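1. Here is a sequence together with a model predicted from it:
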Amino acid sequence: MYGKVMSACLHGVEGKLVEVEVDLSNGLPQMNIVGLPDSAIKESMERVRAAIKNCGFTFPLQRITINLAPADIRKEGAAFDLAIAMGILVTSGQLKLQQPEATLILGELALDGSIRPVPGVLSMLATAKENGIARAIVPIHNESEADLIGEMEIGSLAHISHLQAASETLLHPNLKPSDRPRSLGGNSMLSPSLTENFSDVHGQLHAKRALMICAAGMHNILLLGPPGTGKTMLAKRLPTILPNMSEKEALDVTKVYSASGKFADRNSLISERPFRMPHHSISAAGLVGGGTIPKPGEISLAHRGVLFLDELPEFSRAVLEVLRQPLEDRFVTIGRARAVYRFPSHFILAASMNPCPCGYYGADSSSQPCTCSPLKIEHYRSKISGPLLDRIDLQVEVPRIDYGQIMDSMPQLSSEEMKEQVDRARQIQLSRYDESGIMFNSELHGKLLRSHCKLQSDAEYMLRKSFEVLGLSVRAYDRILKISRTIADLEGSLRIETPHLAEALQYRSLDKKTLISG
């Protein structure tokens, strides 16, 4: 006897459909699973056997062969348990399931037949929907997450014994079309407290301006200055002025967190842009992802949001160097012997650093002179390579403020005021790139960059002279154009004027003056 049901597995953060084929034949009672299963799937034989027996069904005393197709893709995890059990019950005639090949089945089994939740349900159902599968059976604890996909019939099960009463129907009696609109909710684990506001930061108008440009065009930024000037405080408030996520962005972010097992609120899509702040002791695998079964790293968990590296030179140089490719390509590829995994990594890199190990090199203060030797300063700064620095669009000095600025009672520039300007620039970009396949100025490249960032003759002359004096790379040249475009959008200007370019150029002056020449 032969039967087939549909299931899925995670491949990175994306779902892959898997056909669970069941063959029952005469011979010594045994059960074999083929199709590149991992240890968790091989162990499912005992979970499935015990669950079927403990729930009033009969486990066939025959030779059972389970094939997970396609056979050339490595399958991992316990999400196939329920599909294997239902495949055996349907093939042996103990359960009727209408159109089993059009129903996705996901769930891990306990020995008593209860069904446990599995990670990545959102990604797997999204793939199923794209391939024309309109129905799914999921663990009851994954029901809210499954409902987020919309326009699919979702059946939730808490125990496989419920299948007995529902054997003449499609699924469990709780089956219903998931036609409610996907809601965009919050997730407090991803971003700083909503009570944080740029109005808490006194002075530093230059840094606030740079962060506003960063948010409007989704540009990378480096804050440099002595200790206690508010670099970390400023960076932590960056999410409060970022543009709101579109539904597609929210779905992409939620899929990453679902696949990572970090999806806290399953009732709504994640709407707040992620803010990740790893410790400087993190490994390269922790940052970009990895493991025997690769999981997303911090750069993927920061997808469509902010990755903040505080005290940048304290990170290992080897760790920092792995950022170069994701910053350029906006995805990271991890190769293993049997598979290659691709994780999204479209994020803003925000970083902060002191000018030297003691923090006071170049500080305008005789009371706290720098105590670092030139060798120490050179070693400290050498942690940041030229190619990585080249990928940071905005390099901003954050100086110390005086006592009068601290005690200033005048209202400070708030997050609400800054976000209002950011949103206006964002709308200009949405209109401009409506049919271009990009969303932000930072994504401009090739012909699009040349088309939307044309310069007048005087501005072009200024950029040419700066290119020669500062010794900028072609990549830095492109990034200056992108920053200029964002500044023009913030000013509501259709064209890039000379003042816009001049402001953009000042954010690249640290390339030579401060970080490299030392």
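-> Received the coordinates, thanks.

2. Please count neighbours and contacts with C-alpha atoms only from this point.
-> OK.

3. which residue is nearest the middle of this protein?
-> Centre of the chain computed as the mean C-alpha position; nearest residue by CA atoms, centre = their mean is residue 303, 2.5 Å away.

4. ok, that one - contacts?
-> 253, 274, 344-347 (CA atoms under 8 Å, 6 or more residues apart in numbering).

5. Can you say which helix or strand has it in it?
-> With elements taken from DSSP states H and E, nothing contains residue 303; it lies in neither a helix nor a strand.

6. Looking at the contacts of residue 303, which one is closest to residue 333?
-> Taking CA to CA as the measure, residue 333 sits nearest to residue 344 out of the contacts of residue 303, at 8.9 Å.

7. Backbone dihedrals for the closest one, please?
-> The phi and psi torsions at residue 344 (degrees, to the nearest 10) take the values phi -70, psi 150.

8. which non-adjacent residue is nearest it?
-> Of all residues beyond its chain neighbours, the one nearest residue 344 is residue 331 (4.4 Å), with distances taken as CA to CA, 6 or more residues apart in numbering.

9. Now do the one you found against residue 62, distance only.
-> Separation of residue 331 from residue 62 (CA to CA, to the nearest Å) stands at 47 Å.

10. Could you find the closest non-adjacent residue to residue 376?
-> That would be residue 357: by CA to CA, 6+ apart, it lies 7.4 Å from residue 376.

11. could you pull out the strands for the stretch 101-250 of the chain?
-> 103-105, 108-109, 115-116, 135-139, 152-157, 176-178, 184-185, 221-224 (DSSP state E, counting those that start in this stretch).

12. who wins for proximity to residue 66 among these?
-> Among those, the nearest to residue 66 by CA to CA is strand 103-105 (15.2 Å).

13. List the buried residues for that closest one?
-> 103-105 (16 or more other CA atoms under 10 Å).

14. So which elements touch that strand?
-> The helices and strands touching strand 103-105, judged by 3 or more CA pairs under 8 Å, 6 or more residues apart in numbering; DSSP states H and E, are strand 2-11, strand 135-139.

15. returning to that earlier point: residue 331 and residue 62: which has the busier surroundings?
-> residue 331 (18 against 15; other CA atoms under 10 Å).

16. In contact with that one, which residues are there?
-> Applying CA under 8 Å, 6+ apart, one finds that residue 331 lies in contact with 325, 342-346.

17. PyMOL command to pick out the buried ones of these?
-> One line in PyMOL is enough to select the buried ones among these; burial here means 16+ other CA under 10 Å:
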select buried, resi 342+343+344+345+346
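
18. Let me have the contacts of residue 331 in CSV, adding distance to residue 57 and pLDDT as columns.
-> Formatted as CSV, the entries for the contacts of residue 331 read as follows, by distance: CA to CA, whole Å; pLDDT from 0 to 100:
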residue, distance to residue 57, pLDDT
325, 53, 92
342, 41, 90
343, 41, 93
344, 43, 94
345, 46, 94
346, 49, 95
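
19. any idea how far residue 407 lies from residue 204?
-> Counting by CA to CA, the gap between residue 407 and residue 204 amounts to 14 Å.

20. swap that for residue 340, sorry
-> From residue 340 over to residue 204 (counting by CA to CA), the distance is 45 Å.

21. Could you do residue 325 as well?
-> When CA to CA is the yardstick, residue 325 and residue 204 sit 32 Å from each other.

22. Next: residue 479.
-> If you go by CA to CA, the gap between residue 479 and residue 204 works out to 24 Å.

23. Name the residue in these two with the higher neighbour count.
-> Neighbour totals were compared for residue 479 and residue 204, and residue 479 leads with 28 against 20 (other CA under 10 Å).

24. Could you confirm that one falls within a strand?
-> No - remark: residue 479 does not belong to a strand; assigned using DSSP: H, G, I helix; E, B strand; the rest coil, it is helix.
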